[in-house]
Every structure is written in structure tokens, then in C-alpha cells.
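# Predicted model and sequence below, questions to follow.
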Amino acid sequence: MHKLMSVCMGALLLAGCATPQQRAAAAQAEMERTMVVYGPACSKLGYPSNSDTWRNCVLQLSARDDLQRYGYPHYYGALGRSHWSLGGYWGPSW
């Protein structure tokens, strides 16, 4: 039983690995999907298709939607604590 479980765990770990070519193909597919979704809006805004300004518009619209969907990433650096964490400005009084 122990041997079977270790073989299954090894198979799962190997299945989770992706080659650089697979990661590149996934990134390419994601970029193509992004251009299909946001490209027409940037063209309607007057940017010439497949220009640098059009690509910048596509990336900005995608980033804006990601921020609206997932929220603003909250980074506070390595020093100190975030003001949203316990013990911050609105946390318990020590």
C-alpha cells in the first residue's frame, strides 16, 4: 500500500511539471485570447491594428479588467506590517 501511494504521488508531481515549450505555448495562447477580447475595443478607440500603441491599449485594458475582477494587489514591503493586518491602524490597541 505504501509503495502504491508513493508511486501515485510521484506520478502526480511529474504531471504537474510543464516544459518551457508548454509554458511558452500557454503564454502565447493567453496573449492571443487577450488580443481577441480587447483588440476590437482598442481599434474602435482609434489605434491602428497591430501597432505598438494598439498592443499597449490591449495590455492596459486587460490589466484594468484584472484589477476590477481580482482587486488591487496589496504589497507593503518587507519592513513593518500592512495597515490592513491585525495590529495596524484599525486593529486592536496594544
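That came through fine. Here the structure is a predicted model, which means the values were calculated and not measured.
# okay, CA-based contacts and neighbour counts for the rest of this
OK.
# helix or strand right after the lowest-mean-pLDDT helix or strand in the chain?
Sorting the helices and strands of the chain by mean pLDDT, DSSP states H and E puts helix 2-16 at the bottom, at a mean of 62. Counting by DSSP states H and E, the next helix or strand C-terminal to helix 2-16 is helix 20-44.
# Give me the buried stretch members for the helix or strand harbouring residue 63, please.
In the assignment (DSSP H and E), residue 63 maps to helix 52-70. By 16 or more other CA atoms under 10 Å, the buried positions in helix 52-70 come out as 54, 55, 57, 58, 59, 61, 62.
# Show me what it is packed up against.
Secondary-structure packing of helix 52-70 (3 or more CA pairs under 8 Å, 6 or more residues apart in numbering; DSSP states H and E): helix 20-44.
# The helix it packs on packs against which elements?
In terms of contacts (3+ CA pairs under 8 Å, 6+ apart), helix 20-44 is packed against helix 52-70.
# which residues touch stretch 43-54?
39, 42 (CA atoms under 8 Å, 6 or more residues apart in numbering).
# Pull out the buried positions in it.
47, 54.
# before we move on, the earlier item: now the angle from the helix holding residue 63 to helix 20-44?
With axes from the mean of the first three to the mean of the last three CA atoms, to 10 degrees as the basis, helix 52-70 and helix 20-44 are set at 100 degrees to each other.
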